[in-house]
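Participant: Please find the sequence and the predicted model below.
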Amino acid sequence: MTALVATIRPPIAINRRLLAAGTLTLFGLVDVLIFGLFAHHGDAGFALSLTGAKVVVPTIRLPGGPLAYALGGASILIGIARATVVDSPGPRRLGIGLVLLFFVLSLLAWSDTGSWAHGIPVNLVTLLQNTLAGSIPLILGALAGCMGERAGVINIAIEGQLLLGAFTAAIVASTVGVLWLGLIGGSLAGGLVGLVLASFAIRFLVDQIVLGVVINLLVSGLTGFLYDRLMVPNANAYNNASTFGPIKIPGLGDIPIIGPIFFDSTIFLYLTYAAIIVVQVGLFSTRWGLRVRAVGEHPTAADTVGIRVLGIRYRNLVLGGMLAGIGGAYLTLGSVGTFSKDMSSGLGYIALAAMIFGRWTPLGATAAALLFGFTPALGSFLGSITVPISPFILAMAPYVATIIAVAGLVGRVRAPAADGKPYLRA
Amino acid sequence: MTDDAAVLPPGQQESEPAPERGRLRGFDRAIIEAIVQGSPAVTTAVAIVAALLIGALIIAFSDATVLHAWGSFFAAPGAAISATWQSAAAAYSALFEGAILNPHTVAAALHGGSVGAIFYPLSETASQATPLILTGLAVALAFRAGLFNIGAASQWIGGAIVVTYLGFAISLPPVIHVIVCLLGGFVGGAVMGWLVGDLKARTGAHEVIVTIMLNYVMYNLLSYLLGTPSALQQPHQANLTSPNIAADAQLPHVGGPPPQVGVGFLIALAAAVGMWWLVARSTVGFEFRTVGANPSAARTAGMSVQRTWVLAMLLAGGLAGLSAAVTIQGSFYSLNFQSYGTYGIDGITVALLGRAKPLGVVLAALLFSALETGATTMEAATQVPVDIAEVIEGLIVLFVAAPLLIRAVFRMRAAQRGGMAAVAKGWNG
């Protein structure tokens, strides 16, 4: 058996360890050779508090070039360590995280140094606030993906769940006038999409990839149709929701730096925290999670010991859909207040990528989603200063970095073994 | 396969004696059973009818006039039903006239008008279908090798950049210029596809992540190039658009004007035939199908799975790049976000409806293109939003993919084979 496995293992020629080390070093070299070498003379400023904060943390100013050299050098050292000493999962992930963080910091230092920023510091608090807010639909969507796929059903319909959630939240909140009901309506709409996905995948055995793509098309068509037919002629009645205001958590919200980033936001962020914790702990530390994973890996074995395979799949898809629906509701009630055609604009597919990047784990998916949420936040900062590089080129950077990271650091990922396969009792 | 108990309501089987059950199955039921167990073409026809029916209900019951008529249903039931009929019929006849045939042009031709005008809607449909066929083939070819190519959009852009550049920046003799641009489009797309396949083969990077990321990378690159005068932007223009390509590089039309078949459409058909030959008749195609069906078995049999992935993605990317070439050389003559359209993502649906088979892809692309072309006419004539075309398309694919659903609706016995079970595969390949 072992011999057979050895022969059919893909003959990947490259030594994974050296590839990972090389990739980490590459990020370090970019820090040094681009952000360091091409830095202007002067200091990069990092502001750490918002205007009007109770405790004002002084702005840190560091010389831009040397900072990028230092960060790049540290990344290269991490790469060398990866090639020689480090070989356990914890430090490995820490290394990847640090290298990506250093990359981002040196990019920021480079763009904020000298005349481009007119001496205005990068406000890290605002940047991270925007990152977290932008990540909400991605995290919730990726969690919906995890819920379904850990139980063995591929969920490509995240995009549709976000979009229908956004639409329903806007229309309910506009007609009823109660934001909370809009949030609940959006969540239920996402759950409904999950239920449709579940029944077609489980009861009617439809190919799950076909199904997800089709559901996205249907939701896009239906919401677009109703938007033109219903919302545009009667915008005041049907598409005029307000948005949730920020809630500052007493005490925690006043902590310098961390407070405004993590504890002074809309209800959506707090729901997201809860969802991450519940799904992560639930999947990996409870009896329910053990059953879900058993169903996703080996449904026949799970069935043999009395676990209701199809019941678990239905329940997980609906609950996951409800999470994604909340993410959709954020798009309307959490940020702009009105629905517009195809406003999810591919976020569901990014959430899908985040879930795969995060190896089907809630925490991994969250980390990947934060990386993607950082992109628009970075874009809006760079738009506010006069960097002589097209914002489009800079907007490519995180996606390129993801490809490099996936190819060089993550490599082959393994989905739950029964993912995408309908379960039929023999 | 499923058992009947899952489909029939509980108890029905036992309560009905066998001979009576046989007698009860009338002619209509026999037809339906034949349909469901019959060829994919018949199943698809049933799915189209069902989708159009649901679409009609959506159109009618989102119409204020119809809803008003139903409000007084008990006073005037006939009026309610006729209003429903009229609302849906008006929309669908406009759709049909825009996509296939307008009776007015036939009448005009009989009275000495233009005969060519009769074929105008059909030529529009064919022209719209051209890029869809090619992106559909791009997704379908990758499916056959077990890869999920969400990146037809990025490969389209890769091809489009090369085509546009070759089209306006260099000058070549007439026929050669066309061919060079077409080849350039293929190569531009193929490079993007190769990148995905190569990364997967070398490092195991999942093609779904890489293609989604590349879509964003290329979209931003396109925005950058179209906004930079020294790159692809038309000089002295604020719009994000390229200059027109040279007249020598434009694809000619057969027949016309105005009803005409673009050479691009013929290229798309040729590509479909080429893919059929490759997949069904060549050694390479056999390897594609084997790797797609079971990579471990393919490896054991001595095939190089990695090489197959790379080649499949390279060819798929080339087809998507060719889609860009025929769009730009055949109908738009410049690259901008209007010519970019949504062919990349629509190609996935087309490939799925076409069951990843070349003929299926061509027919599916023609159907979708007819729906979309007709929907534009429909919106102009009846104010029904074009988005209904997407709803109908989605429903068609859903019904085709779910033969068990139709069987459940009609209380049918289980057929021998499921619908599209083998088109796409899960993440683990």
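Facilitator: Yes, it's here.

Participant: Show me what from the stretch 251-400 of chain B comes close to chain A.
Facilitator: B:296, B:299-300, B:305-306, B:348-349, B:352, B:384-385, B:387-395, B:397-398 (C-beta under 8 Å from any C-beta of the partner chain). Every C-beta, even on glycine, is put in place using the N, C-alpha and C of the backbone.

Participant: I'd like to know which of the residues you listed are part of helices.
Facilitator: B:296, B:299-300, B:305-306, B:348-349, B:352, B:388-395, B:397-398 (DSSP state H).

Participant: Produce a PyMOL select command limited to the buried residues of these.
Facilitator: Only the buried entries of those go into this PyMOL selection, using 16 or more other C-beta atoms under 10 Å in any protein chain shown:
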select buried, chain B and resi 296+299+305+306+348+349+352+388+389+390+391+392+393+394+395+397+398
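
Participant: Now do stretch A:124-138: distance to the chain's middle.
Facilitator: 11 Å (C-alpha atoms, centre = their mean, to the nearest Å).

Participant: So which residues make contact with that stretch?
Facilitator: Stretch A:124-138 is contacted from outside by A:46-50, A:108, A:162, A:257, A:260-262, A:265-266, A:268-269, A:272, A:327-328, A:330-331, A:334-335, A:344, A:347, A:350-351, A:354, A:366, A:369-370, A:372-378, A:380-381, using C-beta atoms under 8 Å, 6 or more residues apart in numbering or on different chains.

Participant: Restricted to helices, list these.
Facilitator: Mapping the contacts of stretch A:124-138 onto helices (DSSP H) picks out A:108, A:162, A:260-262, A:268-269, A:272, A:327-328, A:347, A:350-351, A:354, A:366, A:369-370, A:372-378, A:380-381.

Participant: For residue 399, the count of nearby residues, please.
Facilitator: Answering for chain A, as no chain was given. 24 (other C-beta atoms under 10 Å in any protein chain shown).

Participant: that's the other chain; I wanted chain B
Facilitator: Residue B:399 has 24 neighbouring residues, counting by other C-beta under 10 Å.

Participant: next one: the one 3 residues further on
Facilitator: Number of residues near residue B:402 (other C-beta under 10 Å) recorded here: 26.

Participant: wouldn't it be in contact with residue A:204 here?
Facilitator: Yes: counting by C-beta atoms under 8 Å, residue B:402 does reach residue A:204; the two are 4.4 Å apart.

Participant: Determine the three-state secondary structure at the residue in the stretch 151-300 of chain A that chain B sits nearest to.
Facilitator: In the stretch 151-300 of chain A, the residue that lies nearest chain B is residue A:221 (2.9 Å; C-beta to the nearest C-beta). When classified by DSSP: H, G, I helix; E, B strand; the rest coil, residue A:221 comes out as helix.

Participant: Name the nearest residue to it, ignoring sequence neighbours.
Facilitator: residue B:390 (2.9 Å; C-beta to C-beta, 6 or more residues apart in numbering or on different chains).

Participant: Would you confirm that the one you found contacts residue A:220?
Facilitator: Yes: counting by C-beta under 8 Å, residue B:390 touches residue A:220, with 5.9 Å between them.

Participant: Can you report the mean pLDDT over the residues of stretch B:342-354?
Facilitator: Averaged across stretch B:342-354, the pLDDT comes to 90.

Participant: I'd like to know how many residues surround residue A:422.
Facilitator: Burial measure for residue A:422: 21 neighbouring residues, criterion other C-beta under 10 Å.

Participant: no no, residue A:104
Facilitator: Residues near residue A:104, counting by other C-beta under 10 Å, number 19.

Participant: Thought residue A:374 was touching it, still the case?
Facilitator: Yes: between residue A:104 and residue A:374 a contact is recorded at 7.1 Å, counting by C-beta under 8 Å.

Participant: So, low pLDDT: which residues of chain B?
Facilitator: Across chain B, the ranges flagged by pLDDT under 70 are B:1-40, B:255-259, B:406-429.

Participant: got the domain boundaries for it?
Facilitator: What automatic domain parsing lists as the domains of chain B is B:1-99+B:387-429, B:127-385.

Participant: from those, which stretch is densest packed?
Facilitator: domain B:127-385 (a mean of 22; mean count of other C-beta atoms under 10 Å in any protein chain shown).

Participant: How far does that one stretch from one end to the other?
Facilitator: 22 Å (C-alpha to C-alpha, to the nearest Å).

Participant: Stretch A:253-263 too?
Facilitator: Counting by C-alpha to C-alpha, you get 5 Å between the two ends of stretch A:253-263.

Participant: in it, what's buried?
Facilitator: Neighbour counts over stretch A:253-263 (16+ other C-beta under 10 Å) mark A:253, A:255, A:257, A:259, A:260, A:261, A:262, A:263 as buried.

Participant: what are the phi and psi angles of the residue of the stretch 251-400 of chain A found nearest chain B?
Facilitator: Using C-beta to the nearest C-beta, residue A:392 is the residue of the stretch 251-400 of chain A that sits closest to chain B, at 3.8 Å. Dihedral angles of residue A:392 (phi, psi; degrees, to the nearest 10) stand at phi -70, psi -40.

Participant: Surely it is in contact with residue B:226?
Facilitator: No: look at residue A:392 against residue B:226 with C-beta under 8 Å: they stay out of range, at 9.3 Å.

Participant: Roughly how far does the residue nearest to residue B:386 when sequence neighbours are not counted sit from residue B:365?
Facilitator: In space, and not counting its chain neighbours, residue B:386 is closest to residue B:375: 4.2 Å by C-beta to C-beta, 6+ apart. Counting by C-beta to C-beta, to the nearest Å, the separation of residue B:375 from residue B:365 is 15 Å.

Participant: got it, and residue A:393?
Facilitator: Taken as C-beta to C-beta, the span from residue A:393 to residue B:365 is 34 Å.

Participant: same check, this time on residue A:124
Facilitator: In terms of C-beta to C-beta, residue A:124 sits 49 Å off from residue B:365.
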